[in-house]
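**Q** Just the structure for this:
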Amino acid sequence: MKKIIHNPMELAAPVGHFDRAVRFGDWFFISGTSALTNVSGSMRDRRLVQGIEAQTHETLDNIDLVLKSAGGALTQIYELRVILRRRTDFVIVDRILQERLPEKGFICHAYEGILLHPEMELEIEAKAYLGPIEAIERVGRP
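**A** Prediction:
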(Lines give C-alpha, C1' and ligand atoms only; values in the text may rest on other atoms or scores of the structure.)
Protein backbone atom coordinates (compact mmCIF):
# COMPACT_ATOMS: atom_id res chain seq x y z
CA MET A 1 0.00 0.00 0.00
CA LYS A 2 1.25 3.45 -0.89
CA LYS A 3 1.70 6.14 1.80
CA ILE A 4 0.76 9.62 0.52
CA ILE A 5 1.79 12.74 2.44
CA HIS A 6 -0.44 15.85 2.25
CA ASN A 7 0.91 19.34 3.02
CA PRO A 8 -1.42 21.69 1.09
CA MET A 9 0.23 24.83 -0.28
CA GLU A 10 -2.72 26.92 1.00
CA LEU A 11 -1.62 26.25 4.58
CA ALA A 12 1.53 27.22 6.45
CA ALA A 13 4.27 24.61 6.81
CA PRO A 14 3.87 22.43 9.90
CA VAL A 15 5.65 23.88 12.93
CA GLY A 16 7.10 20.57 14.08
CA HIS A 17 8.65 17.42 12.69
CA PHE A 18 5.39 16.11 11.18
CA ASP A 19 3.15 16.43 8.12
CA ARG A 20 -0.38 17.86 7.87
CA ALA A 21 -1.89 14.53 6.84
CA VAL A 22 -1.05 11.01 5.75
CA ARG A 23 -3.16 8.77 3.53
CA PHE A 24 -3.08 4.97 3.33
CA GLY A 25 -5.55 3.84 0.69
CA ASP A 26 -8.90 5.33 1.67
CA TRP A 27 -7.86 6.07 5.28
CA PHE A 28 -6.86 9.69 5.91
CA PHE A 29 -5.20 10.92 9.12
CA ILE A 30 -4.94 14.67 9.83
CA SER A 31 -2.44 16.01 12.36
CA GLY A 32 -3.51 18.30 15.18
CA THR A 33 -4.78 21.42 13.41
CA SER A 34 -5.59 24.87 14.74
CA ALA A 35 -6.43 28.38 13.61
CA LEU A 36 -2.65 28.88 13.56
CA THR A 37 -2.31 26.41 10.67
CA ASN A 38 -2.95 28.94 7.92
CA VAL A 39 -0.86 31.76 9.41
CA SER A 40 2.68 31.83 8.01
CA GLY A 41 5.83 33.11 9.65
CA SER A 42 7.68 32.08 12.78
CA MET A 43 5.66 30.87 15.77
CA ARG A 44 6.64 34.05 17.60
CA ASP A 45 5.22 36.29 14.85
CA ARG A 46 1.97 34.44 14.12
CA ARG A 47 -1.28 36.11 15.23
CA LEU A 48 -4.57 34.29 15.57
CA VAL A 49 -8.20 35.21 15.30
CA GLN A 50 -9.44 35.80 18.83
CA GLY A 51 -11.96 33.75 20.78
CA ILE A 52 -13.00 30.12 20.93
CA GLU A 53 -15.80 30.51 18.35
CA ALA A 54 -13.60 32.17 15.72
CA GLN A 55 -10.74 29.74 16.30
CA THR A 56 -13.05 26.72 16.11
CA HIS A 57 -14.45 27.84 12.75
CA GLU A 58 -10.95 28.68 11.44
CA THR A 59 -9.65 25.30 12.62
CA LEU A 60 -12.48 23.43 10.89
CA ASP A 61 -11.87 25.50 7.74
CA ASN A 62 -8.21 24.41 7.84
CA ILE A 63 -9.18 20.75 8.32
CA ASP A 64 -11.61 21.11 5.40
CA LEU A 65 -8.74 22.44 3.24
CA VAL A 66 -6.58 19.44 4.11
CA LEU A 67 -9.45 17.09 3.29
CA LYS A 68 -10.12 18.84 -0.02
CA SER A 69 -6.44 18.42 -0.94
CA ALA A 70 -7.16 14.67 -0.92
CA GLY A 71 -10.54 14.94 -2.65
CA GLY A 72 -12.44 14.64 0.64
CA ALA A 73 -14.92 16.64 2.72
CA LEU A 74 -15.79 17.24 6.37
CA THR A 75 -18.68 14.78 6.03
CA GLN A 76 -16.17 11.94 5.63
CA ILE A 77 -14.71 12.41 9.10
CA TYR A 78 -15.28 9.46 11.41
CA GLU A 79 -13.21 10.60 14.43
CA LEU A 80 -12.25 13.91 16.05
CA ARG A 81 -9.92 14.65 18.95
CA VAL A 82 -10.36 18.11 20.42
CA ILE A 83 -7.72 19.59 22.71
CA LEU A 84 -9.01 22.63 24.58
CA ARG A 85 -7.29 25.28 26.65
CA ARG A 86 -10.37 25.39 28.89
CA ARG A 87 -12.70 22.43 29.32
CA THR A 88 -15.63 24.82 29.77
CA ASP A 89 -15.29 25.78 26.09
CA PHE A 90 -16.43 22.33 24.95
CA VAL A 91 -20.07 23.47 25.01
CA ILE A 92 -19.21 26.12 22.40
CA VAL A 93 -17.12 23.74 20.29
CA ASP A 94 -19.88 21.12 20.40
CA ARG A 95 -22.45 23.66 19.18
CA ILE A 96 -20.19 24.60 16.26
CA LEU A 97 -19.60 20.92 15.44
CA GLN A 98 -23.39 20.49 15.30
CA GLU A 99 -23.55 23.37 12.80
CA ARG A 100 -20.63 22.24 10.65
CA LEU A 101 -21.24 18.46 10.88
CA PRO A 102 -25.01 18.23 11.38
CA GLU A 103 -25.19 14.51 10.57
CA LYS A 104 -23.46 12.81 13.48
CA GLY A 105 -21.85 9.59 12.21
CA PHE A 106 -18.49 10.25 13.90
CA ILE A 107 -16.90 9.78 17.30
CA CYS A 108 -15.33 12.59 19.31
CA HIS A 109 -12.89 12.84 22.20
CA ALA A 110 -12.10 16.04 24.11
CA TYR A 111 -9.15 16.82 26.35
CA GLU A 112 -7.86 19.76 28.30
CA GLY A 113 -4.36 20.55 26.99
CA ILE A 114 -1.50 22.44 28.55
CA LEU A 115 0.92 22.33 25.60
CA LEU A 116 -1.06 24.61 23.29
CA HIS A 117 0.55 27.75 21.86
CA PRO A 118 -0.27 30.64 24.25
CA GLU A 119 -2.77 32.19 21.80
CA MET A 120 -4.42 28.91 20.78
CA GLU A 121 -7.81 28.10 22.28
CA LEU A 122 -7.96 24.62 20.73
CA GLU A 123 -6.46 22.09 18.36
CA ILE A 124 -8.36 19.37 16.50
CA GLU A 125 -7.07 16.11 15.07
CA ALA A 126 -9.25 14.30 12.53
CA LYS A 127 -9.51 10.93 10.83
CA ALA A 128 -11.55 10.36 7.69
CA TYR A 129 -12.48 7.52 5.40
CA LEU A 130 -12.34 8.71 1.78
CA GLY A 131 -13.62 5.57 0.09
CA PRO A 132 -17.14 4.61 -0.89
CA ILE A 133 -19.59 3.73 1.86
CA GLU A 134 -22.31 1.27 0.89
CA ALA A 135 -24.77 2.24 3.61
CA ILE A 136 -25.04 3.83 7.02
CA GLU A 137 -26.91 1.90 9.65
CA ARG A 138 -27.78 3.24 13.08
CA VAL A 139 -28.21 0.90 16.02
CA GLY A 140 -29.78 2.18 19.21
CA ARG A 141 -30.49 5.87 19.76
CA PRO A 142 -30.54 8.29 16.84
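**Q** pLDDT of stretch 3-14, averaged?
**A** Average pLDDT, stretch 3-14: 92.
**Q** Now Cys108: closest residue in space that isn't a chain neighbour?
**A** Computed as Cβ to Cβ, 6 or more residues apart in numbering, the closest residue to Cys108 that is not its neighbour in sequence is Leu80, at 4.6 Å. Quick note: C-beta positions are derived from backbone N, CA and C, even for glycine.
**Q** Show residues contacting the helix or strand harbouring the one you found.
**A** Here Leu80, judged by DSSP states H and E, is contained in strand 77-84. Residues from elsewhere that reach strand 77-84 (Cβ atoms under 8 Å, 6 or more residues apart in numbering): 32, 63, 67, 90, 93, 97, 101, 105-113, 116, 121-129.
**Q** buried subset of those residues?
**A** Buried subset of the contacts of strand 77-84 (neighbour count, 16 or more other Cβ atoms under 10 Å): 32, 63, 67, 90, 93, 97, 101, 106, 108, 110, 113, 116, 121-128.
**Q** circling back to that earlier point, quick one: work out the angle between the helix or strand following the strand holding Leu80 and strand 77-84.
**A** Counting by DSSP H and E, the next helix or strand C-terminal to strand 77-84 is helix 90-100. Between helix 90-100 and strand 77-84, the angle comes out at 150 degrees (axes from the mean of the first three to the mean of the last three Cα atoms, to 10 degrees).
**Q** State the number of residues packed around Ser69.
**A** By the criterion of other Cβ atoms under 10 Å, Ser69 has 18 neighbours.
**Q** Begin at 88, not 1, for the rest of this chat.
**A** Will do, 88 is the new start, and the previous item becomes Ser156.
**Q** Contacts only, for the closest residue to it other than its chain neighbours.
**A** For Ser156, ignoring the flanking residues on the chain, the nearest one in space by Cβ to Cβ, 6+ apart is Pro95 at 4.1 Å. Counting by Cβ under 8 Å, 6+ apart, Pro95 touches 107, 152-153, 155-156.
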